[in-house]
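**Student:** fold the following and give me the result.
(2 chains)
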Amino acid sequence: MNSGTVAGLWLRLLLLPLLHSRFTQQELPACKPILTPQWVISAFAVVSIIFVPIGVASLLASRDVVEIVYRYDSDCVPASWASDKLAYIQNPNISKTCTRTLTVPKRMKSPIYVYYQLDNFYQNHRRYVKSRNDWQLRDASKANDTSGCDPEDAAGGNPIVPCGLIAWSLFNDTYRFTVSNSNLPVNKKGISWKSDRDHKFGKDVYPRNFQNGTVIGGAKLNSSIPLSEQEDLIVWMRTAALPTFRKLYGKIEVDLQANQTITVTIENYYNTYEFGGKKKLVLSTASWLGGKNDFLGLAYLIVGGLCFFLAAVFTIIYLVKPRKLGDPTYLSWNRNPGGH
Amino acid sequence: MAFVRPLLDPSPRPPPVPGSLPPPSADLPRPIAEPPIGSDLSQNPFDSSSRLSNASARLRVDYNSGDRVLFPEPGSADSFRRVSGSRTAVRHGSGAESDRFGVASLREISDEDARFVYIGDPARTNERFQFTGNSIRTGKYSVFTFIPRNLFEQFHRVAYIYFLIIAILNQLPSSPSSDGYEDWRRHRADRIENNRTAYVLSDGEFRPKLWKDVRVGEIIRVRSNESLPCDMVLLSTSDPTGVAYVQTINLDGESNLKTRYAKQETLSKVPEKDPVTGVIRCEQPNRNIYGFHANMDIQGKKVSLGASNIVLRGCEIKNTAWVVGVAVYAGRETKVMLNSSGAPSKRSRLETHMNRETMLLAFILVAMCSIVSIFAGIWLRNHKDELDYSPYFRKKDFSEKEEENYNYDGIGAEVAYRFLMSIIVFQIMIPISLYISMELVRLGQAYLMIQDRNLFDETTNSRLQCRALNINEDLGQIKYVFSDKTGTLTQNKMEFQCASISGVDYQAEMDPLSADHADCSVRVGDQFWRPKMRVNVNTDLVKLLRSGHGREERKYVYDFFLALSACNTINSKLIDYQGESPDEQALVYAAAAYGFVLVERTSGHIVVDILGNRQRFDILGLHEFDSDRKRMSVIVGCPDKTVKLFVKGADNSMLGVLEESLDLDVVQATKNHLHAYSSLGLRTLVVGIRELTGGEFHEWKSSYERASTTLFGRSKALRLVASNVESHLHILGASGIEDKLQDGVPEAIESLREAGIKVWVLTGDKQETAISIGFSCKLLTTNMDQIVINSHSKEACRRSLEDAMAMSRKHLQMVHDAGRISLALIIDGTSLVHILENELEEELFKVATACDVVLCCRVSRTEDMTLAIGDGANDVSMIQMADVGIGISGQEGRQAVMASDFAMGQFRFLVPLLLVHGHWNYQRMSYMIVYNFYRNAVFVFVLFWYILYTGFSLSTAITEWSSVLYSIIYTALPTIVVGILDKDLSRKTLLKYPQLYGAGQREEGYNLNVFLLTMVDTIWQSAAIYFIPYLAYRNSTVDGSSIGNIWTLGVVILVNVHLAMDLFRWTWISHVVIWGCIVATWICVIVIDSSLSCPASALFWLCLLGILVVGMIPRFALKSFRGYFFPSDIRIGRELEKAGGYYEAVAGSIEMRPVVGAGGARS
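**Tutor:** Numbering: from 1, shown residues only, chains lettered A, B, ... in the order given. So this is what the prediction gives:
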């Protein structure tokens, strides 16, 4: 008899019946934790010990981030058109170029991210989110599949690639930066998710019949470049979660010094005047935690503080009014004989 | 015992007594009506007239048809007269239907009610009315009815109606597969049953035929040890006197053999050669297995048939080589099938309450949908001018020639549409999966209860049976236990203890002398047989019998024991006595122990071995027991040519028919003895005798024969005959029989009382017996104040009830003073009836609920109840009407078990069943329900918060797949495992402190406050889940699916950690399930999204950690604060367990004052 069968025999004769009976008699070995004061106080203490440093670190990281936000949607409309911005933006004969200077408040280390921020743009609206066809974007043979893309599914009877409201409303403002009269290059490669480029947008899918409809919604696409390389489109198509959002425009890969002035030339094409949306240009560095946002640091500090407070309160009450654990006199029928 | 208590009708919903009681309020006693004994009177005016004319019309029709084969001798006037050739003939099917319910046999069968069975002529039988064939179907559904009927079953629940609406909206079909599997198994079992073989007479010989092809009217032969294929009337048997023995264990569980008789008129015929022809008129199929009522027209004679002439499907023929009978009921019309419909389905209290909260949740759901749709309307109006061209709405469609609105029908339609859509999005607010989880959990709980070794009865080798699967948690909330006494508290093993014979008291000694036993053995053939049961005997009495001294005294003793051995319906088979009444068995064994050994009983005579001298007595007549007379009698023709009437019955019914003037002293002495016996807890019977003169006998005989051939109101007429002859009796004496308590009953009742459960014992015993039994099983204790109500007039009842009220009020006041003395209410049946008839039940209920113990003596009505426990057919209605019905699988048969929700072997198992399993089940189930509500609501609220930020457009960041999988995969298993396996306290603790049971009674685990508090917590947690990522990712590049993944993971982790925090016991199973669920969710999320890019970012992890801590803080703080400073009993119990041995020693010194009927139970 080899050792394997012996072990098997043991298992069958002793262990399994034992386990089985322990299970059926509901006597499985178990840990029965009770929230004793020691446990509670230490739990609160541990949380505060973990949270406060994280909060401090987050806050520092957020403070480290240098951010330049410039709202240009009304600024870039000439004063003569201020009363009717919609007419201005819809008039194709007027130059939309708008040059402004920005001052760098603090030294910005590369990479410096260039974002555009749209406010009050419901990219998460149900009508909008659904208005796309992922098959068509991925697969050249599905070009005619425009289901779900209404009302931007076809123009002049031919299917649109990429179809749908999302693609139709592609953001088309452009920015050019110069520092001391020398061009500041913006790297627009690699601004989209790699997984999107590789899997969601086909290498052999080319724009077709795009922005040929009655109303032009936004940017036009070069129909000789496959969708997988149209990074602005890919970024745009990853719809934002909230009505105020940023999208990555590009990266500036040189450091900017404090008090340096940047000249930015904005081609202000995108129509947010229709629905009262705002447009902002954002230049921001990044920390390990992302962009400038104090919330998380503050939240962690507050929670850590609250837990410290609770630990303290609990300790005080525990010391002032101790209770012996497992004292039968605390049972309700012993506390108030008579049943009431 | 049957002698004093009328049996309740076994049908599950007996017809209510008209005008008996006002409709009961929710908590008030709800009387379970039984057909009153007198109800036949009310039927008679209608019946007797119409049925008479119908009967004559029927006869005319038959003659006109002139079918000579069927009626070889066309009926004449004397077809109503019976031929009674010999004295012994009277007994045969003497119309003594063992009509245990006293109702059926009074009814005569009118034509509309009757079915006609032409013996041996199935074609004609089935010609006019197509009777059901013999195939049976126990499956609930057929191929065609499965879907509609199953749907109907499902929609009994409120939430399922909601589910229907959702299903219509979603066009989702439901798949009730488990029901289908169960049903398929039943169908398979039916097929096997239907294809068994029976031997049916055709063309002069018995030929095999499948059971399912057997038709009503066919003549069937069944051999020994074979099962009966259908209900049939006996025609002849292998026994020359027409006796057949059947075992009815499959029908009612009684293991003893029952005797059935073929009619004289048919038993001599050999069916193969001399076919029996005739017609049987029998009542319509009904579920009364103890009653049958029919007439047989045969050879121009009209013969009455009763329950003793029919053998039922499900029984087996024993000790009889063969029987031949004619099928009268087949297939689903057989009595066994009619009885197998099962108990009415019950719903647990928790589930009823749950429906209330489900409605509340539905209300919240509608409110949320309204908010969304109304705000959507406002939003649309505010953005009215922008919608045409705004990129994210684009109301206008330019792709067509004509500019038209795309998918937009105006604000009103849009609002309505959003409302319906939001119902779909928020639908999991109502946890449909909860119902499925509950079914699974109950299955698991039932499995664990069945497996529990502490509920295993070694004497009968039986486990607990869970017959109802949907009321497990009710076991943890019982406030009242209504218990049958005989067979439930007691063993129903009767032992003869003492006798009072002509005024002299003889007590049995504790140790039976073996020498005495040797004497009572009997020679049968070459062998000596000794009675199987040993009986304690009184040596004086034995000596008195053996010696010839004191002739007068000895004569009484002689007659007394002769009465005991003769006046009964016991079958003797080699001194092994089998009978339907255990009391009678005990008496016959006792008589045997004193030397009066019943050797043989046939329908015509008995043979008794009297002190070694074998004598034959003719049984000239027998009046069986009925619940009106409460006595039975036999007329015996003795060897010395005298005719004696022996009567045996309940004391109150016997004392009325005694000739007191003859032996006043004896009667008085016997009365005193009776009182003494019942004070000892013995069951008493009085025996009387009268010697009949020849004239009296003949007068009785002719009136008996007239009565037994009466067609209408036969049993009433027979009862009258019996009452006439049972008068002017000499008292012989009285017997006292002990019914021993079951093991552990006193301790069990004490535990139940400590647990705050009010125990009501329902008994048919005398008040003194009941009180004494009450003491012996610790139901009553000496430090209780007793309120006794036994008044026999309405006014007296009212007065004593008022006194009782005053007393209970006094007691209630005393509660606030020092100690409290327990109150016991003892009330007898007559007073109860008076009280209930006079609308005093409100007062009675007040008194009764103030008492800790209520003892009802001699009741045949039952009150409102929560748990009923019983073992006999008379407890069936009580068991079915109670919230929880428990059947004891004991001596009295399986009727109670069949009707029960749980069945077990011993009364004492009630303690672990309620205090341990009931407590666990309630605690588990209540937590599970609250948790499921919370779990689904958290998810819905997260969806809701997001929708507020999407222009109320109902888009969700959490993918639709996650919504579907949320309650199926992400969070399902932990709740089920917790529902089955979590234990707040150990078995030991629960049994040590029965008061812990109060948690369930006070509904601590699940009530509106718990629900509302949980909902507040739910909103907090959902806010934490939603707003932490929202604020952290504000003004960032985050896209919908990334933040959606954070929310999905946040919800699932928080919800599972919430469960983990509330878990009482961490076994390896809990670890696997909880952490496994979180891992599974993670995998699912990655698979669904196919590119989870966020996890790398620190922000993602910090968000999850933040959600977890912020979400749990309030709950954790409240829980630990309350647990430490305002500990519940359960918490203390857990601490006690943890502390283990140390406190155990301390606890021993602290007096655990048992507070019965604790606190909240009453408030």
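
**Student:** got the domain boundaries for chain B?
**Tutor:** Segmentation of chain B into domains, based on the TED database, reads B:115-141+B:194-339, B:145-187, B:433-445+B:914-1147, B:490-507+B:520-740.

**Student:** nearest residue to the middle of chain B?
**Tutor:** Nearest residue to the geometric centre of chain B (C-alpha atoms, centre = their mean): B:Ser900, 2.9 Å.

**Student:** what about the nearest residue to that one once chain neighbours are set aside, how many neighbours?
**Tutor:** In space, and not counting its chain neighbours, B:Ser900 is closest to B:Gly887: 3.2 Å by C-beta to C-beta, 6 or more residues apart in numbering or on different chains. For glycine as for every other residue, the C-beta is placed from the backbone atoms N, C-alpha and C. Here the number of neighbours of B:Gly887 (other C-beta atoms under 10 Å in any protein chain shown) works out to 31.

**Student:** quick check: bridge partners of B:Gly887?
**Tutor:** For B:Gly887, the beta-bridge partners under DSSP bridges are B:Gly870, B:Ala903.

**Student:** pretty sure it contacts B:Ala903?
**Tutor:** Yes - look at B:Gly887 against B:Ala903 with C-beta atoms under 8 Å: they come within range, at 4.3 Å.

**Student:** any shared contact partners between these two?
**Tutor:** B:896-897 (C-beta atoms under 8 Å, 6 or more residues apart in numbering or on different chains).

**Student:** where do the strands of the stretch 201-340 of chain A begin and end?
**Tutor:** A:245-252, A:261-267, A:278-284 (DSSP state E, counting those that start in this stretch).

**Student:** looking at the ones you listed, which is nearest to chain B?
**Tutor:** strand A:245-252 (4.9 Å; C-beta to the nearest C-beta).

**Student:** packing partners of the closest one?
**Tutor:** Contacts defined by 3 or more C-beta pairs under 8 Å, 6 or more residues apart in numbering or on different chains; DSSP states H and E place strand A:245-252 against strand A:112-119, helix A:231-237.

**Student:** tell me the mean pLDDT for the first one?
**Tutor:** Going back to what we said before, that points to strand A:112-119. In this model, strand A:112-119 has an average pLDDT of 94.

**Student:** parallel or antiparallel, list what pairs with it.
**Tutor:** Strand A:112-119 has these strand partners (DSSP bridges): strand A:245-252 (antiparallel), strand A:278-284 (antiparallel).

**Student:** that one vs strand A:261-267, what angle?
**Tutor:** Strand A:112-119 runs at 50 degrees relative to strand A:261-267, counting by axes from the mean of the first three to the mean of the last three C-alpha atoms, to 10 degrees.

**Student:** and strand A:112-119, how far out from the chain middle?
**Tutor:** Offset of strand A:112-119 from its chain centre (C-alpha atoms, centre = their mean, to the nearest Å): 13 Å.

**Student:** for stretch B:411-429, buried residues please.
**Tutor:** Going by neighbour count (16 or more other C-beta atoms under 10 Å in any protein chain shown), the buried part of stretch B:411-429 is B:414-415, B:417-419, B:421-423, B:425-429.

**Student:** right, I mislabeled it, should have said stretch B:678-690
**Tutor:** For stretch B:678-690, using 16+ other C-beta under 10 Å, the buried residues are B:678, B:680-690.

**Student:** now do stretch B:1070-1086
**Tutor:** Neighbour counts over stretch B:1070-1086 (16+ other C-beta under 10 Å) mark B:1070, B:1073-1074, B:1077-1078, B:1081-1082, B:1084-1085 as buried.

**Student:** and A:Cys307, how many neighbours does it have?
**Tutor:** 24.

**Student:** what does B:Val1052 give?
**Tutor:** 27.

**Student:** against B:Ser962, how distant is it?
**Tutor:** Going from B:Val1052 to B:Ser962 by C-beta to C-beta, to the nearest Å gives 9 Å.

**Student:** where's B:Ser304, which helix or strand?
**Tutor:** strand B:301-305 (DSSP states H and E).

**Student:** and that strand, which strands flank it?
**Tutor:** strand B:294-298 (antiparallel).

**Student:** what mean pLDDT would you report for the strand it pairs with?
**Tutor:** pLDDT averaged over strand B:294-298 gives 82.

**Student:** CA atoms only for that strand, dumped as CSV, please.
**Tutor:** Extracted C-alpha coordinates of strand B:294-298, given in CSV (Å, rounded to 0.1, in the frame of the first residue of the first chain):
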residue,chain,number,x,y,z
ALA,B,294,-73.4,3.2,1.3
ASN,B,295,-76.2,0.8,0.6
MET,B,296,-76.0,-2.3,-1.5
ASP,B,297,-78.9,-3.7,-3.4
ILE,B,298,-78.2,-7.3,-3.7
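
**Student:** give me the contacts around stretch B:660-676.
**Tutor:** With C-beta under 8 Å, 6+ apart as the test, stretch B:660-676 has contacts from B:500, B:502-505, B:651, B:655, B:658, B:684, B:686, B:730-731, B:733-734, B:768.

**Student:** among the residues you listed, which two are most distant?
**Tutor:** Pairwise distances across these peak at 25.2 Å for B:His730 and B:Glu768 (criterion: C-beta to C-beta).

**Student:** A:Asn158 touches A:Thr146, doesn't it?
**Tutor:** No - taking contacts as C-beta under 8 Å, A:Asn158 lies outside contact range of A:Thr146: 9.9 Å.

**Student:** show me which of these two is the more surrounded one.
**Tutor:** Taking neighbours as other C-beta under 10 Å, A:Asn158 and A:Thr146 compare with A:Thr146 leading, 22 against 13.

**Student:** list the contacts for that one?
**Tutor:** Counting by C-beta under 8 Å, 6+ apart, A:Thr146 touches A:133, A:136, A:153-154, A:159-160, A:163-164.

**Student:** could you do A:Val303 as well?
**Tutor:** By C-beta under 8 Å, 6+ apart, the contact set of A:Val303 is A:47, A:51, A:55, B:1106, B:1109-1110, B:1113.

**Student:** please repeat the previous calculation with a cut-off of 6 Å.
**Tutor:** Applying C-beta atoms under 6 Å, 6 or more residues apart in numbering or on different chains to A:Val303 gives the contacts A:51, B:1109-1110.

**Student:** re earlier: farthest pair in the buried residues of stretch B:678-690?
**Tutor:** B:Gly681 and B:Arg690 (31.1 Å).

**Student:** okay, now the unreliable bits of the stretch 1-150 of chain A?
**Tutor:** Residue ranges of the stretch 1-150 of chain A with pLDDT under 70: A:1-16.

**Student:** which residues in it form strands?
**Tutor:** So, for the stretch 1-150 of chain A - with DSSP E, counting those that start in this stretch - the strands run A:67-71, A:97-103, A:112-119.

**Student:** okay, the ones you listed, which one's buried deepest?
**Tutor:** strand A:112-119 (a mean of 21; mean count of other C-beta atoms under 10 Å in any protein chain shown).

**Student:** just the angle for that one relative to strand A:67-71, thanks.
**Tutor:** Using the same axes, to 10 degrees: strand A:112-119 against strand A:67-71 is 40 degrees.

**Student:** CA atoms only: put strand A:112-119 into PDB for me.
**Tutor:** Extracted C-alpha coordinates of strand A:112-119, given in PDB (Å, rounded to 0.1, in the frame of the first residue of the first chain):
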ATOM      1  CA  ILE A 112       3.500  69.600 -19.100                       C
ATOM      2  CA  TYR A 113       0.100  68.400 -20.100                       C
ATOM      3  CA  VAL A 114      -2.100  70.600 -22.300                       C
ATOM      4  CA  TYR A 115      -5.800  70.000 -21.700                       C
ATOM      5  CA  TYR A 116      -8.900  71.600 -23.000                       C
ATOM      6  CA  GLN A 117     -11.700  71.800 -20.500                       C
ATOM      7  CA  LEU A 118     -15.300  72.000 -21.400                       C
ATOM      8  CA  ASP A 119     -18.000  73.000 -18.800                       C
END
